[in-house]
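K.L.:
for reference, the sequence and a predicted model appear below.
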Amino acid sequence: MSRVYLGIHFRYDSEEGHKLGTKIGEYANQNYLKPVTNNN
């Protein structure tokens, strides 16, 4: 966020990066992560 104030990046970049990161996380969660099972 500090880069926004310095003018290096725009707020739009941060918002879109957050959206993309959320989509990547959701995809990974749905396609790669499996629940841990207790085999006892």
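P.N.:
That came through, no problem.
K.L.:
how close does D13 get to L20?
P.N.:
11 Å (C-beta to C-beta, to the nearest Å). Glycine gets a C-beta too; all of them are placed from N, C-alpha and C.
K.L.:
how far does the host helix or strand of E16 sit from the chain's center?
P.N.:
Element membership for E16, per DSSP states H and E: helix 11-31. For helix 11-31, the gap between its own C-alpha mean and the chain's C-alpha mean amounts to 4 Å (C-alpha atoms, centre = their mean, to the nearest Å).
K.L.:
shift numbering so it begins at 36
P.N.:
Sure, I'll start counting at 36 from here, so that last one is helix 46-66.
K.L.:
kindly export that helix (C-alpha atoms) in CSV.
P.N.:
The C-alpha trace of helix 46-66 is given here as CSV (Å, rounded to 0.1, in the frame of the first residue of the first chain):
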residue,chain,number,x,y,z
ARG,A,46,-4.7,1.6,-6.4
TYR,A,47,-6.2,-0.2,-9.4
ASP,A,48,-3.1,-2.4,-9.5
SER,A,49,-3.6,-3.4,-5.8
GLU,A,50,-7.3,-4.1,-6.3
GLU,A,51,-6.9,-6.2,-9.4
GLY,A,52,-4.0,-8.1,-7.8
HIS,A,53,-6.1,-8.9,-4.9
LYS,A,54,-8.9,-10.2,-7.1
LEU,A,55,-6.5,-12.3,-9.1
GLY,A,56,-4.9,-13.8,-6.0
THR,A,57,-8.4,-14.7,-4.7
LYS,A,58,-9.2,-16.5,-7.9
ILE,A,59,-6.0,-18.4,-7.9
GLY,A,60,-6.5,-19.4,-4.3
GLU,A,61,-10.0,-20.6,-5.0
TYR,A,62,-8.9,-22.6,-8.0
ALA,A,63,-6.1,-24.3,-6.0
ASN,A,64,-8.5,-25.0,-3.2
GLN,A,65,-11.0,-26.6,-5.5
ASN,A,66,-8.6,-28.6,-7.7
